[in-house]
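Participant: Build the 3D model from these lines:
(chains A and B)
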Amino acid sequence: MTNKGDEKLFEQYQQGLRREKRIVFTWQAFILIGFFMMWEVASRLNWIDPLLFSSPAKVIELIIRKFSDGSMISHTYVTLFETLLGFVIGTILGIILASLLWSSTRFSKISDPYLVILNAMPKVALGPIIIVALGPGYVAIIAMGAIISVIITTIVVYTGFREVDPNYEKVLKSFGATRWQCFKSAVFPANLPVMISTLKVNVGLSWVGVIVGEFLVSKEGLGYLIVYGFQVFDFTLVMSALILIAIFAAIMYKVVERIEGWLIKHTT
Amino acid sequence: MSFLTLENVTHHYFNKNNYTKALNDISFTVKEGEFVSLLGPSGCGKSTILSIVSGIMKHTSGKVLLDNKPITESELAIGYMLQQDYLFPWKTILDNVLIGPSIHHNVTQEVKEKAKELLNEVGLSNVEHQYPPSLSGGMRQRVALVRTLITDPKILLLDEPFSALDYQTKLKLEDLVFKLLHAYQKTAILVTHDIGEAIAMSDRIIVMSANPGEIAKIFEVPIELRNEMPFLVRRHPKYQSIFDKVWEELNKK
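Facilitator: Numbering: from 1, shown residues only, chains lettered A, B, ... in the order given. Have a look, this model is predicted:
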């Protein structure tokens, strides 16, 4: 009898959970659809200037047209490639720099003020110099995507290295481990969760670097389309590029989140 | 013949604005196979002595000889057991046990077998492929013990290894460690602030005082208690009298 009662309560609880989930999802969908509908209506009724703010119908039409003639595919591809590479290089370079800082306390003391300046510096301001130095092409844009995340990764990971419980090192040292062995078998693996959490931040940062880089280089890519559309007053094109960026950035973020979940499960 | 000798060892801790004298003129010897306890209030430098003997820390002056050689030149393996197990959570139990051998690039099938044997001996069979978080505190500390023993250390340094455990587990582990150390005839130094534990486990008790860390008095544990299991020592008629003497010494100001 009581058992049945328990199960009934549990069922009610589960129903409550499902109901809550449905309500949240309904609202999310409502906001999305509502936004685009309002946009469309406002644009058609001339509440907002259709020349400046375009309309969802025009944007979708343009995206489909440009994708079918292939021009949008190459722009999207270029941007995705640059962002991904910038992200990977920035993260790995940051981790390597953090390891170097850890390997020599004196080196870390010496570099401290420079790291502070580099961290405080808005990296996109370096854009023109990077483009002059590396030439107006992929390399410069990828460098922008990487440079924007490398310093913060270095600082966060290095702080993580130093916060690892020194007793793990003590255990290893009692077996006669060298400093490198301590790093390899205690400091680095203990810090994996920190490194993984920087991935998510770096994805967002790399997008910033790459889009600004494309603004400046103005050759191809979604960032280029935004600038180009702005210059020729084709705001349908600007909006299309923005929507594509939003979609791909969200997908990339979700993928990294998945990777993060997988890594945490398999490393800790 | 003494196995480990400390002669007028002094140690200072420095920081930017001042320094503290952690150890002042510490001299004692430990014979091979002997079990010695360092007992004292917190801050008396007990753990510092272990860090110095293990070679992790360099003392500021004095001599530390292991088997008649300065500790820094000695190649004899030293086992160090800390207050907590500090098992690496991302390694399996077997890999944790094999940390010492892997540092010396010495992981052979034979060593692996020995690891499993030792795990069996401390009552942990079939856990070698599990991860530390799935084990209880007492089990983890036993793994840490095996990790210490696998390199066949000539001297064991036990830095309050039972203090983070609940009382029941602590009593059981004391017996286990005592049994193992006697079976393998290991020399050991135990740091503790538990008088009962010191009496139950050791042959000699070095009572220390703080500020600066100095040796206050050395007690010989009665011969009848030495070979008794720690759990039984606590009920031995002679236990109370030595407890009182140590208690008195610790409370002297």
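
Participant: What residues sit buried inside stretch B:70-78?
Facilitator: The neighbour-count check on stretch B:70-78 (16 or more other CB atoms under 10 Å in any protein chain shown) flags B:Ile71, B:Ser74, B:Ala77, B:Ile78 as buried. For glycine as for every other residue, the C-beta is placed from the backbone atoms N, C-alpha and C.

Participant: Could you list the domains of chain B?
Facilitator: Using automatic domain parsing, the domain ranges for chain B come out as B:1-76+B:157-165+B:189-253, B:80-153.

Participant: Helices along the chain, start to end?
Facilitator: Looking at chain A here, since you left the chain open. Assigned helices in chain A, in chain order: A:2-44, A:50-53, A:56-68, A:71-103, A:105-120, A:127-134, A:138-162, A:166-174, A:179-182, A:188-190, A:192-217, A:222-231, A:235-267 (criterion: DSSP state H).

Participant: meant chain B, my bad for not saying
Facilitator: B:46-54, B:93-97, B:99-103, B:109-121, B:137-149, B:167-183, B:195-201, B:223-226, B:230-233, B:239-251.

Participant: Output the ones you listed in a markdown table; the columns should cover mean pLDDT.
Facilitator: Compiled in a markdown table, these are given as follows (pLDDT from 0 to 100):
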| stretch | mean pLDDT |
| --- | --- |
| helix B:46-54 | 86 |
| helix B:93-97 | 88 |
| helix B:99-103 | 86 |
| helix B:109-121 | 86 |
| helix B:137-149 | 87 |
| helix B:167-183 | 85 |
| helix B:195-201 | 88 |
| helix B:223-226 | 82 |
| helix B:230-233 | 84 |
| helix B:239-251 | 86 |
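
Participant: re earlier: chain A: which of the domains of chain B is closest?
Facilitator: domain B:80-153 (3.5 Å; CB to the nearest CB).

Participant: Any idea how far apart the tips of that closest one sit?
Facilitator: With CA to CA, to the nearest Å as the measure, domain B:80-153 spans 9 Å from end to end.

Participant: could I get the helices of chain B as TSV with mean neighbour count?
Facilitator: Shown next, in TSV, are those (neighbours: other CB atoms under 10 Å in any protein chain shown):
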stretch	mean neighbour count
helix B:46-54	23
helix B:93-97	23
helix B:99-103	21
helix B:109-121	16
helix B:137-149	23
helix B:167-183	17
helix B:195-201	23
helix B:223-226	14
helix B:230-233	18
helix B:239-251	14
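
Participant: Can you name the residues that contact A:Glu169?
Facilitator: A:Ala177, A:Cys182, A:Ala186, A:Val187 (CB atoms under 8 Å, 6 or more residues apart in numbering or on different chains).

Participant: And for B:Pro101?
Facilitator: Neighbours of B:Pro101 in contact, by CB under 8 Å, 6+ apart: B:Val107, B:Val111, B:Ile150, B:Thr151.

Participant: coming back round to it: with distance to A:Met38 added, can I get the domains of chain B in JSON lines?
Facilitator: Shown next, in JSON lines, are those (distance: least, CB to CB, whole Å):
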{"stretch": "domain B:1-76+B:157-165+B:189-253", "distance to A:Met38": "61"}
{"stretch": "domain B:80-153", "distance to A:Met38": "51"}
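
Participant: what's the closest of these to B:Leu180?
Facilitator: Nearest to B:Leu180, of all those, is domain B:80-153, at 7.0 Å by CB to CB.

Participant: I'd like to know how far the residue nearest in space to the middle of chain B sits from B:Gln141.
Facilitator: Centroid-nearest residue in chain B: B:Leu158, 1.5 Å away (criterion: CA atoms, centre = their mean). In this view, B:Leu158 and B:Gln141 are 11 Å apart by CB to CB, to the nearest Å.

Participant: who wins for most neighbours among the contacts of A:Glu169?
Facilitator: Highest neighbour count within the contacts of A:Glu169: A:Ala186, with 24 neighbours (other CB atoms under 10 Å in any protein chain shown).

Participant: is it true that that residue touches B:Trp90?
Facilitator: No - at 10.1 Å, A:Ala186 and B:Trp90 do not qualify as touching, with contact defined as CB atoms under 8 Å.

Participant: mind giving me the domain split of chain A?
Facilitator: When chain A is parsed with automatic domain parsing, its domains come out as A:2-48, A:56-267.

Participant: which of those sits most buried?
Facilitator: domain A:56-267 (a mean of 18; mean count of other CB atoms under 10 Å in any protein chain shown).

Participant: And A:Met1, what's its pLDDT?
Facilitator: Per-residue pLDDT puts A:Met1 at 55.

Participant: closest to B:Leu65 out of the helices of chain A?
Facilitator: B:Leu65 sits nearest to helix A:166-174 of all the helices of chain A, at 18.7 Å, using CB to CB.

Participant: How far does the closest one sit from its chain's centre?
Facilitator: Put simply, helix A:166-174 sits 36 Å off its chain's centre (CA atoms, centre = their mean, to the nearest Å).

Participant: swap in stretch B:171-191?
Facilitator: The answer for stretch B:171-191 is 9 Å, by CA atoms, centre = their mean.

Participant: Then stretch B:123-132?
Facilitator: Distance of stretch B:123-132 from the chain centroid (CA atoms, centre = their mean) equals 24 Å.

Participant: That one close to chain A?
Facilitator: No - judged by CB under 8 Å from any CB of the partner chain, stretch B:123-132 makes no contact with chain A; its nearest approach is 8.8 Å.

Participant: about what we covered before: of all the domains of chain B, which one comes closest to A:Leu263?
Facilitator: Nearest to A:Leu263, of all these, is domain B:80-153, at 11.2 Å by CB to CB.

Participant: which residues touch the closest residue to B:Ser163 other than its chain neighbours?
Facilitator: Distances taken as CB to CB, 6 or more residues apart in numbering or on different chains place B:Gln83 nearest to B:Ser163, at 5.7 Å, with adjacent residues excluded. Applying CB under 8 Å, 6+ apart, we find B:Gln83 in contact with B:Asp159, B:Glu160, B:Pro161, B:Ser163, B:Ala164.

Participant: just the buried members of these?
Facilitator: Buried among the contacts of B:Gln83 by 16+ other CB under 10 Å: B:Asp159, B:Glu160, B:Pro161.

Participant: what number of residues lie near B:Val191?
Facilitator: 25.

Participant: Verify the stated contact: it with B:Ser47.
Facilitator: Yes - using CB under 8 Å, B:Val191 is in contact with B:Ser47, at 5.8 Å.

Participant: residues shared between the contacts of the two?
Facilitator: With CB under 8 Å, 6+ apart as the test, B:Val191 and B:Ser47 both reach B:Asp159, B:Glu160.

Participant: what's the offset of stretch B:226-239 from the middle of its chain?
Facilitator: Worked out by CA atoms, centre = their mean, stretch B:226-239 lies 20 Å from the chain centre.
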